[in-house]
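S.K.: sequence first, then the predicted structure, then my questions.
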Amino acid sequence: MQLLKPLVTSLVATGLALSASINALAAEPEASTHGVTIDPGQPFPSVMYSDILKSMSDQVFWENGKLRFFERVRMTFLPAFQDPQHIAAYNPNTGAFLVSQMTDQSGAVVSTVSWEARQESFPYWTSHAVNNSDPAPLASGSYTLTWFIDGQAFWSLPFEVSESAADNPYDQPNKYLEGPWQDWAYIYVPNGNLSQNPTFNLFLRDKAAKPGNWVEQNITIDVMKDGALVAQYGKNGASRQSAKPWWVAHEFALRTPDDSGFVAASDLVASGKYTVMVKNNGEDFARYEYQADGAMPLTGRQDRESANPLTFLEGARDRFYLERQ
């Protein structure tokens, strides 16, 4: 099966049209002299969803609202380009321009960050932000991050910022990222090989946690297929860790129902309806559902052949995302 069908080409065109609309609302980022373009006949470029969520959340944001991208972020299918003057083809000096632009709820540009990206094994590019060490603090409200290749929007991420009141006059208010960190979890399958052992991954935080007074979280997980337990975590002792007041990515190795060993990923995609139930300190915390038919369930926003490129959830071939119910 070809990766792109006529429907996808149409969707890419729609995405590029939406890109034009985004550019019209805000100041369009500058294009490099290379004029790299997004070919609608090729697989559309995207940002690894789990990577960007991990990269955005850290202690600095909680302390003062400064949004940094502090970890590498993988991207996929960026237009092929080589800069003979730099190891990273996309860079703000001599290469093609790869930038993320943040706009507030009015559409005003809040910040523009340049990225360097170099091609790794196909179709991955490894990127990191290069002018992002001391951004201005963000006020409470709604924001959208949009990524551009030489002025052409190709992916966007909406999120919100909230703020807590200080507990006493000697404490400063704290800032919190809201949105996809709470909404999405994912199952990771090493190398996309269904004979491998999968992990369940989600973001956790506790706003009540403070340095020196961390909150303990005990996590248990049940994965049910058509009402029967097929995988679990924490049967003989829950995961215990100190919660932070900012989002932290956690990975849980799923085991057999009798805790005799690790399950294979194939046990989580056999034909049937699945429910994943997560408990925190013994209380219901989150619930996820999905349908599988023997393969990884890349449906909806994860289906590269039908999803809108601007809102596509890139998991490549080794993870699929689950939306909280």
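M.R.: The structure has been received and is ready for your questions.

S.K.: contact partners of stretch 181-190?
M.R.: 49-50, 53, 57, 196-203, 205, 247, 251, 265, 268, 276, 278, 286, 288, 296, 313, 315, 318-324 (CB atoms under 8 Å, 6 or more residues apart in numbering). Every residue, glycine included, has its C-beta placed from N, CA and C.

S.K.: an error on my part: the question was meant for stretch 222-239.
M.R.: So stretch 222-239 is contacted by 200, 217-221, 250, 252-257, 259, 263, 267-268, 270, 272-277 (CB under 8 Å, 6+ apart).

S.K.: go with 6 Å
M.R.: Surrounding stretch 222-239, the residues in contact under the criterion CB atoms under 6 Å, 6 or more residues apart in numbering are 218-221, 252, 254, 257, 259, 263, 267, 272-277.

S.K.: roughly how far does Ser32 sit from Asn218?
M.R.: 51 Å (CB to CB, to the nearest Å).

S.K.: same deal with Ala166?
M.R.: 29 Å.

S.K.: what is the neighbour count of Leu268?
M.R.: 25 (other CB atoms under 10 Å).

S.K.: for it, what are its contacts?
M.R.: Pro198.

S.K.: could you rerun that using 10 Å?
M.R.: Counting by CB atoms under 10 Å, 6 or more residues apart in numbering, Leu268 touches 187, 189, 194, 198, 200, 223, 225, 230-231, 254, 274, 276, 290, 292, 296-297, 320.

S.K.: torsion angles phi and psi at it?
M.R.: phi -100, psi 0 (degrees, to the nearest 10).

S.K.: against Glu63, how distant is the residue lying closest to Gly35 once chain neighbours are set aside?
M.R.: Distance criterion CB to CB, 6 or more residues apart in numbering; nearest residue to Gly35, sequence neighbours excluded, is Asp150 at 6.2 Å. Using CB to CB, one obtains 35 Å as the distance from Asp150 to Glu63.

S.K.: ditto for Ala185
M.R.: Counting by CB to CB, the gap from Ala185 to Glu63 is 26 Å.

S.K.: and the two? which has more neighbours close in?
M.R.: Higher neighbour count among Ala185 and Glu63: Ala185, with 22 against 15, using other CB under 10 Å.

S.K.: contacting residues around the residue nearest to Lys175 when sequence neighbours are not counted?
M.R.: Sequence neighbours aside, Gly65 is the residue nearest to Lys175 in space, at 3.8 Å (criterion: CB to CB, 6+ apart). The contact partners of Gly65, taken as CB under 10 Å, 6+ apart, are 135-140, 161, 163, 173-177.

S.K.: among these, which one has the lowest pLDDT?
M.R.: Ranked by pLDDT, these bottom out at Pro173 (88).

S.K.: for it, which three-state class applies?
M.R.: Assigned by DSSP: H, G, I helix; E, B strand; the rest coil, the conformation of Pro173 is coil.

S.K.: for His250, pull up the helix or strand it's in.
M.R.: strand 248-253 (DSSP states H and E).

S.K.: for that strand, name the packing helices and strands.
M.R.: helix 49-56, strand 184-188, strand 199-204, strand 215-225, strand 228-233, strand 239-243 (3 or more CB pairs under 10 Å, 6 or more residues apart in numbering; DSSP states H and E).

S.K.: go ahead and confirm Tyr143 touches Asp104.
M.R.: Yes: counting by CB atoms under 10 Å, Asp104 is a contact partner of Tyr143 at 5.8 Å.

S.K.: who's in contact with the nearest residue to Gly151 once chain neighbours are set aside?
M.R.: Nearest residue to Gly151, sequence neighbours excluded (CB to CB, 6+ apart): Ala31, at 4.0 Å. Applying CB under 10 Å, 6+ apart to Ala31 gives the contacts 37, 96-97, 148-152.

S.K.: could those residues be laid out in JSON lines, adding secondary structure?
M.R.: Formatted as JSON lines, these follow (three-state DSSP):
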{"residue": "Thr37", "secondary structure": "coil"}
{"residue": "Ala96", "secondary structure": "strand"}
{"residue": "Phe97", "secondary structure": "coil"}
{"residue": "Phe148", "secondary structure": "strand"}
{"residue": "Ile149", "secondary structure": "strand"}
{"residue": "Asp150", "secondary structure": "coil"}
{"residue": "Gly151", "secondary structure": "coil"}
{"residue": "Gln152", "secondary structure": "strand"}
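
S.K.: what count of nearby residues applies to Trp115?
M.R.: 24.

S.K.: list the buried residues for the helix or strand where it lies?
M.R.: Per DSSP H and E, Trp115 falls inside strand 109-119. Within strand 109-119, the residues scored as buried using 16 or more other CB atoms under 10 Å are 110-119.

S.K.: bridging residues for the closest residue to Pro257 other than its chain neighbours?
M.R.: Spatial nearest neighbour of Pro257, excluding adjacent residues (CB to CB, 6+ apart): Leu229 at 4.5 Å. Taking DSSP bridges as the rule, Leu229 bridges to Met224.

S.K.: quick one: pLDDT of Leu229?
M.R.: pLDDT at Leu229 comes out at 98.
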